[in-house]
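>>> sequence plus the predicted model coming up.
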Number of protein chains: 2
Amino acid sequence: MKKITIADVANQATVSKSTVSQYLNERYDYMGEETKARIKKAIEDLGYQPNIVARSLKQKSTKTIGVIVANILHTFSTEVSRSIEDVCNEEGFHTIVCNADDDPVKEKRYIEMLRAKQVDGLIIFPTGNNRELYQRMLDEKYPVVFLDRSVPDIPVSSIMLENEVASELAIDHFVEKNHRRIGLITTSIIDSITPRLERLKGYQNALKKHGIAENENYISSVAPQEVQTALDQMLGQNQPPDAILAGNDLVLMEILKYVKQKDLRIPEDLAIIGIDDVSFASFYTPTITTVAQPTFKMGKMSAELLLNKIKQNKIRDDRPDYRFKPTLMIRESV
Amino acid sequence: MKKITIADVANQATVSKSTVSQYLNERYDYMGEETKARIKKAIEDLGYQPNIVARSLKQKSTKTIGVIVANILHTFSTEVSRSIEDVCNEEGFHTIVCNADDDPVKEKRYIEMLRAKQVDGLIIFPTGNNRELYQRMLDEKYPVVFLDRSVPDIPVSSIMLENEVASELAIDHFVEKNHRRIGLITTSIIDSITPRLERLKGYQNALKKHGIAENENYISSVAPQEVQTALDQMLGQNQPPDAILAGNDLVLMEILKYVKQKDLRIPEDLAIIGIDDVSFASFYTPTITTVAQPTFKMGKMSAELLLNKIKQNKIRDDRPDYRFKPTLMIRESV
DNA sequence: CTGAAAGCGCTTACAG
DNA sequence: CTGAAAGCGCTTACAG
């Protein structure tokens, strides 16, 4: 099956390739109506579709961006990338989403592959462990936006939640409901991840604000598959916490599994708040109080920011990052 | 920031572009060790990355496939595309996932855009309403694989669940637990969708098998946002069903919302089985009996099938479709 | 063992 | 108002 090219269209319409190209790019400033009609007909007759690869090579723009999420298992990642795709679509951009799987090596490979594919820009949930690479992109003035996390000393603006506020909202609510022994469980293989650090900090500050002493046995940061053991430890203590803040959706689900298995009552035996508004929160029994991230807005903002950088070729950011406010969804688990 | 090209590398290494290209493509059959070393060094010194767009234009292969899912909101779609990506990755292919949103117009636009981008093949969850387009791809011997659904008279092989069996497993289990008034709710704007038809058929056959008369008031097919009203109607009847099979995950969630709101007991007031094994099934109260699809295997199979078609340039399928067995996950909701 | 040349399918100054 | 020519960055027969 021979592919139809612009040359075939030109022949068919008895004009030159240039003219067809002008037509395709809607530059018909001076193009004769009759010529236009002939080209239109030829394109339809032949079922011609322009080859975007060829166009990209010439124009040095693929109208495609890459998104590298740290870990696609979080609903946050899925929702944000969906919203990025929506914005891009409206602007005629395509999106290639890659999952770094919390692995800096994979992240590096994806960044390199996507750049080799000439994507026009990159939205990255940075693992944080490819500093040289990030810096190189900056030096080359390559359009990049960070999401969910920032990287110290890498001046790329990042779209982030007000993580400290997220924890604070949760702690305030716990305290209001007379809980004072409040635990925190986060998952993060990599220590220096912004949300983990900030949510921990927000938790600590909020406790202090309420005059509650911090207890290091109430704080745990482990991989998702280890949450069960962490809970065994934390709840097996003499004075166990009677409330736990789950640092993200995966932790929350692990906690719920644990609660189910041990036949604990929520909130009587254990009060729970999860950061990330999971799909089943509103119809779980009891309904689950969560701190929701504005995932849609955050995705939209990051896409717009990147597309602006791409179009205006203005790479430096006017501000370090963009923060979004979380919302406490009060339900029955506290 | 001037991009480094193969010409720069050639200069730096004082060889020709051809030789660099040979090196890049690992055709060093007769290449001198010393030449190799010089090229290697030049590439490193310059930080050269080949431009894949240029390569694609010449080689007429982008090493990218497109996936068009009918509706990304189903976990099934997400899980399957993740597994497709895994397979593709191993084979050095990239994946662009698009969401047709159950809209044939969007589906058409995506198919055309992706083909214009020269993706090497397409995995489609067909809406079913672009028959001409499907047929044209077949005529042009363009590599396509269908997933989740098949399209009558379009001989493209499709990776599908044994949908009738899925319903049958559920009905058998209901009956075993002494339910005989069994309802079915599916969502499908478009009527002729394979899974909907087959799940309905499986439901009907299974009822017959158990000597239960079919009651059309027990069957409903509506959009997700109308499930609530459908339930009001169905359960408001004189002899309402005491068990409902949810045709997919979204329906299940709507049913659970309804049950929660009306304060019904599961399974005493209403027994429930959902097709699609939702994330919270194992720790919901009660735990939810589901019919699980082997999403991972199905994604893998479809990717392998497509990559084979692409590589072997063998477009015709030896068999019409590939069916996968569902698994009943017995829990407490029946 | 390596290089010169043509070509993939477009776009874009420029000439007329 | 339209066309000839160059060029985007590669790869690939072919010649030597």
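Alright, I've got the coordinates.

>>> when you work out contacts or count neighbours from here on, use the C-alpha atoms and nothing else.
Noted.

>>> contact partners of stretch A:108-126?
Residues from elsewhere that reach stretch A:108-126 (C-alpha atoms under 8 Å, 6 or more residues apart in numbering or on different chains): A:60-70, A:98, A:100, A:130, A:133, A:142-151, A:302-303, A:306-307, A:310, B:49-53.

>>> ditto for stretch A:248-268
A:74-75, A:185-187, A:224, A:227-228, A:231, A:246, A:270, A:272-278, A:286, A:332-334, B:280, B:282-283.

>>> please flag which of those sit within helices.
A:T75, A:V227, A:Q228, A:L231 (DSSP state H).

>>> okay, now the unreliable bits of chain A?
Low-confidence segments of chain A, defined by pLDDT under 70: A:1-2, A:29-30, A:189-191, A:313-318.

>>> now the strands: where do they sit in it?
A:64-69, A:94-99, A:121-124, A:144-147, A:158-161, A:182-186, A:219-221, A:243-246, A:271-275, A:289-292, A:321-324, A:327-329 (DSSP state E).

>>> elements contacting the fourth one?
Under the contact criterion of 3 or more C-alpha pairs under 8 Å, 6 or more residues apart in numbering or on different chains; DSSP states H and E, strand A:144-147 touches strand A:121-124, strand A:158-161, helix A:295-312.

>>> still on that earlier bit, filter the contacts of stretch A:248-268 by proximity to DNA strand D?
Checked against DNA strand D using C-alpha under 7 Å from any atom of the strand, these give no members in range.

>>> please convert the buried members of those into PyMOL selection syntax.
Applying 16 or more other C-alpha atoms under 10 Å in any protein chain shown to those, the buried members can be selected in PyMOL as follows:
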select buried, (chain A and resi 75+185+186+187+224+227+228+231+246+270+272+273+274+275+276+277+278+286+332+333+334) or (chain B and resi 280+282+283)
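
>>> could the helices and strands packed on strand A:144-147 go into a markdown table alongside distance to B:Y322?
Shown next, in a markdown table, are the helices and strands packed on strand A:144-147 (distance: least, C-alpha to C-alpha, whole Å):
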| stretch | distance to B:Y322 |
| --- | --- |
| strand A:121-124 | 37 |
| strand A:158-161 | 43 |
| helix A:295-312 | 37 |
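
>>> now these as CSV including mean neighbour count?
Output for those, formatted as CSV (neighbours: other C-alpha atoms under 10 Å in any protein chain shown):
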stretch, mean neighbour count
strand A:121-124, 26
strand A:158-161, 25
helix A:295-312, 20
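
>>> could you dump these to TSV with distance to DNA strand C?
As requested, the helices and strands packed on strand A:144-147 are exported to TSV (distance: least, C-alpha to the nearest atom of the strand, whole Å):
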stretch	distance to DNA strand C
strand A:121-124	19
strand A:158-161	32
helix A:295-312	14
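
>>> mind listing what the residue lying closest to A:I212 once chain neighbours are set aside touches?
Leaving out its chain neighbours, the residue that sits closest to A:I212 by C-alpha to C-alpha, 6 or more residues apart in numbering or on different chains is A:R180, at 6.8 Å. A:R180 sits next to A:F174, A:I212, A:D242, A:A243 when contact means C-alpha under 8 Å, 6+ apart.

>>> count the residues that sit near A:K209.
Neighbourhood size, A:K209 [other C-alpha atoms under 10 Å in any protein chain shown]: 12.

>>> distance-wise, check it relative to B:E44.
Noted for A:K209: a distance of 54 Å to B:E44, by C-alpha to C-alpha, to the nearest Å.

>>> and if you look at A:P326?
45 Å.

>>> and chain A, which residues reach chain B?
Taking C-alpha under 8 Å from any C-alpha of the partner chain as the contact definition, chain A meets chain B at A:1, A:49-54, A:56-57, A:95-97, A:116-118, A:140-141, A:253, A:256-257, A:260, A:280, A:282-285.

>>> drop anything exposed from those residues.
A:49-54, A:56-57, A:95-97, A:117-118, A:253, A:256-257, A:260, A:280, A:282-284.

>>> contact partners for the residue lying closest to A:L169 once chain neighbours are set aside?
Nearest residue to A:L169, sequence neighbours excluded (C-alpha to C-alpha, 6+ apart): A:L328, at 6.5 Å. Neighbouring residues of A:L328 by C-alpha under 8 Å, 6+ apart: A:A166, A:L169, A:A170, A:T289, A:T290, A:V291, A:A292.

>>> if you rank those residues by neighbours, which is first?
Within the contacts of A:L328, most neighbours by other C-alpha under 10 Å means A:T290, with 32 neighbours.

>>> I'd assumed A:A271 was in contact with it.
No. At 11.6 Å, A:T290 and A:A271 do not qualify as touching, with contact defined as C-alpha atoms under 8 Å.

>>> between these two, which contacts overlap?
By C-alpha under 8 Å, 6+ apart, no residue touches both A:T290 and A:A271.

>>> partner residues bridging the residue nearest to A:L169?
Here A:L328 shows beta-bridge partners A:V291, assigned using DSSP bridges.

>>> quick check: it vs DNA strand C, distance?
49 Å (C-alpha to the nearest atom of the strand, to the nearest Å).

>>> kindly report the same for A:I6.
For A:I6 relative to DNA strand C (C-alpha to the nearest atom of the strand), the value is 3 Å.

>>> quick one: that residue and B:V156, what's the gap?
Applying C-alpha to C-alpha to A:I6 and B:V156 gives a distance of 30 Å.

>>> cool, A:T194 as well?
From A:T194 over to B:V156 (counting by C-alpha to C-alpha), the distance is 47 Å.

>>> more neighbours, A:P326 and B:E44?
Taking other C-alpha under 10 Å, A:P326 and B:E44 do not tie; A:P326 has more neighbours (22 against 11).

>>> show me the contacts for the more buried one.
By C-alpha under 8 Å, 6+ apart, the neighbours of A:P326 are A:L161, A:E162, A:N163, A:V165, A:A166, A:V291, A:A292, A:Q293, A:P294.

>>> how about it, nearest residue that isn't a chain neighbour?
A:Q293 (5.0 Å).

>>> count of neighbours near that neighbour?
As a burial measure, A:Q293 scores 22 neighbours (other C-alpha under 10 Å).

>>> that one contacts A:G299, doesn't it?
No. The criterion here is C-alpha under 8 Å, and A:Q293 misses it with A:G299 at 10.9 Å.

>>> from the contacts of A:R180, list the buried ones, please.
A:F174, A:D242, A:A243.

>>> for the first one, give me its contacts.
Counting by C-alpha under 8 Å, 6+ apart, A:F174 touches A:R180, A:I182, A:A243, A:A271, A:V334.

>>> related to what we said a few turns ago, from DNA strand D, how far off is the residue nearest to A:P326?
Distance from A:Q293 to DNA strand D, by C-alpha to the nearest atom of the strand: 41 Å.

>>> likewise for A:I154?
Relative to DNA strand D, and taking C-alpha to the nearest atom of the strand, A:I154 is found at 27 Å.

>>> so who does that residue touch?
So A:I154 contacts A:R131, A:Y134, A:Q135 (C-alpha under 8 Å, 6+ apart).

>>> list the contacts of the nearest residue to A:D103 once chain neighbours are set aside.
Counting by C-alpha to C-alpha, 6+ apart, the nearest residue to A:D103 once its immediate chain neighbours are dropped is A:T127, at 7.0 Å. Contact partners of A:T127, counting by C-alpha under 8 Å, 6+ apart, are A:A70, A:D102, A:D103, A:P104, A:E107, A:I190, A:I193.

>>> now, the most widely separated pair of the residues you listed?
A:E107 and A:I193 (14.8 Å; C-alpha to C-alpha).

>>> I'd guessed A:I275 sits against A:P294; true?
No. A:I275 is beyond contact range of A:P294, at 11.5 Å (criterion: C-alpha under 8 Å).
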